[in-house]
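Novice: Give me a 3D structure for the following:
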Amino acid sequence: MPTTELSTVTGRHRRHLGPRNGIGLARGGRRPHRPLLWSAAAMTALAAFSLGAMVVDDRTLLGESVWLKTFKFGVAFAVYEVTLAWLLSLPHKGSRATWWLGAVFAATGAVDVGFIALQAARGTFSHFNSADDPVNSIGQTVFASGVPGLFLANLLIVVILSWQRLVDRPTARAIHAGLALAVAGMALGYLMGFTGGQLVRDANGRVVELVAGHTVLRDAPAAELAVRDAAEGMPLTHWSTIGGDLRIPHFLGLHGIQILLLAAFVLTHSARRHAWLRPESTRAALVGILALAYTGLLAVSFSQAMRAQSLVHPDAATLISYACLVAFALSATLAVRRRGRRLVAGTQTVV
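Specialist: Model (predicted):
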């Protein structure tokens with residue numbers, strides 16, 4: 001299943017790069033998953049609409065535009081669904097099952113994000129909203145059913161694909177690690193439901209009881225716990241600056257696959273200029289290092305959130321953890337670089 005080859009390498013170098021060395025649709029591969037692409041297009045349109053709505057609609061929820069959440073969800077789903085559509089287009093065993101799972105993911109995502117948009121238009125909360133009006137009650141029931149559907153569909157796709165080598169080794173490693181990170185990120189999102197209730201005001205000034213939230217506080221007064229998500233947060237993301245925020249590891253896990261695939265792509269094309277990157281095993285090792293370091297980043301950010309520590313106020317233990325991750329990544333990368341140079345030098349000597 002060959003993919004796009006580096007056009008500038010010589011035949012000797014191609015022995016290093018292997019028969020599958022690029023991120024792209026394999027020759028003979030299927031078309032990208034249409035339901036996922038349609039859903040991604042709808043999410044992109046929603047994100048564009050939300051950007052415009054933020055300009056003309058001055059209503060706010062928790063200090064941010066009522067349309068900011070729909071914008072963020074639209075962008076996040078569009079990026080993930082395009083990635084998943086490309087992935088499912090690669091020839092693999094169980095393709096019929098993964099097609100239907102992709103369709104479930106697309107349909108469920110559209111319904112869930114549609115409810116978020118509906119609640120934004122109504123000027124109220126989509127997540128954790130316990131209001132007993134008919135629209136919210138029905139929407140919350142659908143929402144509560146849809147989120148597990150997204151998680152289960154993604155999990156089953158991971159199970160089917162995790163033992164298959166779909167493309168070259170670096171890209172396959174990025175896919176496997178990235179999908180595992182995505183499942184972890186989705187699973188961490190469930191922990192938000194155990195952070196405790198709070199009382200907030202919607203865009204219409206009505207008091208709304210949320211059964212849970214994003215912010216984790218420890219040893220705080222009951223009055224502060226009850227309004228913790230209303231506290232001022234970071235720009236755009238609105239991640240908490242007064243406590244831990246479970247949206248951070250949730251976000252990192254979901255989008256790790258894009259980071260890893262981008263790294264595999266950059267490494268492949270960097271091999272045109274750097275001979276030590278031409279062995280496929282070298283690039284696969286570097287993707288593996290990045291995957292381990294990224295997993296460590298996810299773990300440290302999760303630890304921060306659970307210890308009620310803001311991302312912008314790390315303690316000594318957190319800083320040491322981040323320093324260890326950087327030291328590991330740098331030392332491991334240097335070791336792989338030395339090995340890659342020896343491999344290339346040894347092959348050139350033989351030739």
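Novice: okay, and for the chain, where does confidence drop off?
Specialist: The model of the chain has pLDDT under 70 over residues 1-30, 220-226, 347-351.
Novice: Now do S137 against G196, distance only.
Specialist: Counting by CB to CB, to the nearest Å, the separation of S137 from G196 is 22 Å. Glycine gets a C-beta too; all of them are placed from N, C-alpha and C.
Novice: Pick out whichever of those two has more residues nearby.
Specialist: The residue with more neighbours, out of S137 and G196 and counting by other CB atoms under 10 Å, is G196; that gives 16 against 12.
Novice: what about that one, distance to V216?
Specialist: Between G196 and V216 the computed distance is 9 Å (CB to CB).
Novice: any idea which helix is longest in the protein?
Specialist: Counting residues, the longest helix found in the chain (DSSP state H) is helix 316-350.
Novice: That helix - contacts with which helices or strands?
Specialist: Judged by 3 or more CB pairs under 8 Å, 6 or more residues apart in numbering; DSSP states H and E, helix 316-350 is in contact with helix 11-17, helix 280-306.
Novice: buried sites along the following helix or strand past the shortest one?
Specialist: Per DSSP states H and E, the first helix or strand lying C-terminal to helix 11-17 is helix 34-56. Along helix 34-56, the positions that meet the burial threshold by neighbour count (16 or more other CB atoms under 10 Å) are 35-37, 39-40, 42-44, 46-47, 50-51, 53-54.
Novice: And for stretch 299-306?
Specialist: For stretch 299-306, a neighbour-count test (16+ other CB under 10 Å) marks 300-302, 304-305 as buried.
Novice: starting at the chain centroid, how far to it?
Specialist: 16 Å (CA atoms, centre = their mean, to the nearest Å).
Novice: can you pull the contacts of T237?
Specialist: If you count contacts by CB atoms under 8 Å, 6 or more residues apart in numbering, T237 has them with 72, 247.
Novice: how about it, secondary structure?
Specialist: For T237, the secondary structure call by DSSP: H, G, I helix; E, B strand; the rest coil comes out as coil.
Novice: Phi, psi for it please.
Specialist: Dihedral pair for T237: phi -70, psi -30, per degrees, to the nearest 10.
Novice: And for G233?
Specialist: Its backbone dihedrals place G233 at phi -120, psi -170, with angles given as degrees, to the nearest 10.
Novice: residue contacts, it?
Specialist: By CB under 8 Å, 6+ apart, the neighbours of G233 are 63-64, 239-241, 245.
Novice: State the phi and psi torsions of E64.
Specialist: In this entry, E64 is assigned phi and psi values of phi -130, psi 160 (degrees, to the nearest 10).
Novice: wait, I meant H92
Specialist: When quoted as degrees, to the nearest 10, the phi and psi of H92 stand at phi -160, psi 160.
Novice: That one: neighbour count?
Specialist: Neighbours of H92 under the rule other CB under 10 Å: 17.
Novice: Same question for the helix or strand hosting V104: list its buried residues.
Specialist: Remark: V104 resides in helix 95-122, with elements defined by DSSP H and E. For helix 95-122, burial by neighbour count (16+ other CB under 10 Å) applies to 98-99, 101-117, 119-120, 122.
Novice: Could you do stretch 60-75 as well?
Specialist: Residues of stretch 60-75 classed as buried by neighbour count (16+ other CB under 10 Å): 61-62, 64-75.
Novice: now swap in stretch 172-190 and tell me
Specialist: Within stretch 172-190, the residues that count as buried by 16+ other CB under 10 Å are 172-186, 188-189.
Novice: List of residues touching it?
Specialist: Applying CB under 8 Å, 6+ apart, the contact partners of stretch 172-190 are 80, 87, 147, 150-151, 154-155, 157-158, 161-162, 165-167, 246, 249-261, 263-264, 284, 287-288, 291, 294-295, 298, 302.
Novice: Please tell me how far A47 sits from A117.
Specialist: Note on A47: its distance to A117, by CB to CB, is 11 Å.
Novice: what touches both of the two?
Specialist: The contact sets of A47 and A117 overlap at T70 (CB under 8 Å, 6+ apart).
Novice: My understanding was that F77 contacts V111; is that so?
Specialist: No - because the distance of 11.6 Å does not satisfy CB atoms under 8 Å, F77 is recorded as not touching V111.
Novice: Strands of the stretch 51-200 of the chain, start to end?
Specialist: With DSSP state E, counting those that start in this stretch, the ranges of strands along the stretch 51-200 of the chain come out as 60-61, 64-65, 198-201.
Novice: want to throw these into JSON lines with distance to V208?
Specialist: Converted to JSON lines, the strands of the stretch 51-200 of the chain look like this (distance: least, CB to CB, whole Å):
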{"stretch": "strand 60-61", "distance to V208": "9"}
{"stretch": "strand 64-65", "distance to V208": "15"}
{"stretch": "strand 198-201", "distance to V208": "6"}
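Novice: Which secondary structure state is assigned to E209?
Specialist: Note that with three-state DSSP, the state of E209 is strand.
Novice: quick revisit: of all pairs in the buried residues of helix 34-56, which one is the farthest apart?
Specialist: In the buried residues of helix 34-56, two members sit farther apart than any others by CB to CB. They are P35 and M54, at 28.6 Å.
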